[in-house]
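Visitor: Could you work out the structure for the sequence below:
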Amino acid sequence: MKVHVSIDEVPYNRKPDKSGIGKMKYRVARNWKQLELAELADMNGNRGHTIVPAHLEGGISAKDCVAMQIFALDFDHGCSFADIKCRCDEMGIKMAYAYHTFSSSEAEEKFRVVFVLEELLEDRFVINMLLHIFQCIFPDCDRSCKNMDRMFFGGKEVI
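Guide: Numbers count the residues shown, from 1 in each chain. Take a look at the predicted model:
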C-alpha cells in the first residue's frame, strides 16, 4: 500500500536539538511524497527519519494543512505497547506500525503508533475530528499530538 506523508530525507539517531528543529520542519513540509507503507515504517521507525503526517501548503502551521492520510500518537508515560495493541485488537483498529522513540528504555517504554487510512483526506474538519476521536480512544497518549502540523521524530526500532 502506498501512503502520502511529509518526510525528512535526513536521518537522525537521536532527537535533534532545538536550533535544528525549526529548519527541519520547513524541510519536512516541503517533502510531501508517496511511499510504500513498509518503506515508510523502515525509514521512520528504524532509520530515524522525521515525519509530518499532514500535507502543509503555504506554511508550516495547522491552518496550512490541506490533506492527511496518516495519524500518529505518542505514548510517553503510563502505558505499554502491549496495552495499546490489546486495545486496538479489542476495538478492531489496525495499526500500520509502531516504533520505540529515541528516549525509550527498558525502564520506561516510549513509543509511537501510526495509523493509516485507505484514502487521503482533504477535509480539515474531518481530519480534526479523527484526531479528536483517536485521543478519546487513547486518552493515555501525549495530548500535544492533537495538532495537524505535528512533527514526529524518527525512532530507533520498529516494534
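
Visitor: Quick check: His49 touching Val5?
Guide: No: under the contact definition of Cβ atoms under 8 Å, His49 does not touch Val5, with a separation of 9.8 Å. The C-beta positions use only the backbone N, C-alpha and C, and glycine is treated the same way.

Visitor: May I have the secondary structure class of the residue nearest to Lys110 when sequence neighbours are not counted?
Guide: Beyond its immediate neighbours in the sequence, the residue positioned closest to Lys110 (Cβ to Cβ, 6 or more residues apart in numbering) is Ser104, lying 4.1 Å away. The three-state label given to Ser104 by DSSP: H, G, I helix; E, B strand; the rest coil is coil.

Visitor: Counting neighbours, what do you get for Ser104?
Guide: Neighbourhood size, Ser104 [other Cβ atoms under 10 Å]: 20.

Visitor: With neighbour numbers in mind, choose between His49 and Val5.
Guide: Comparing His49 with Val5 by neighbour count (other Cβ under 10 Å), the higher total belongs to Val5, at 27 against 23.

Visitor: Contact partners for Glu9?
Guide: 27, 31, 49 (Cβ atoms under 8 Å, 6 or more residues apart in numbering).

Visitor: What strand or helix carries it?
Guide: Secondary-structure element containing Glu9, defined by DSSP states H and E: strand 2-11.

Visitor: Tell me what angle the lowest-mean-pLDDT helix or strand in the chain forms with strand 2-11.
Guide: Here the helix or strand of the chain ranked lowest by mean pLDDT, DSSP states H and E is helix 18-29, holding a mean of 88. Relative orientation of helix 18-29 versus strand 2-11 (axes from the mean of the first three to the mean of the last three Cα atoms, to 10 degrees): 140 degrees.

Visitor: Which SSE is immediately downstream of the longest helix along the chain?
Guide: Counting residues, the longest helix in the chain under DSSP state H turns out to be helix 124-137. Remark: after helix 124-137, the chain's next helix or strand is strand 155-158, criterion DSSP H and E.

Visitor: what sits against the residue lying closest to Leu73 once chain neighbours are set aside?
Guide: Of all residues not flanking Leu73 in the chain, Cys141 sits nearest, at 4.2 Å (Cβ to Cβ, 6+ apart). Applying Cβ under 8 Å, 6+ apart, we find Cys141 in contact with 73-75, 134-135.
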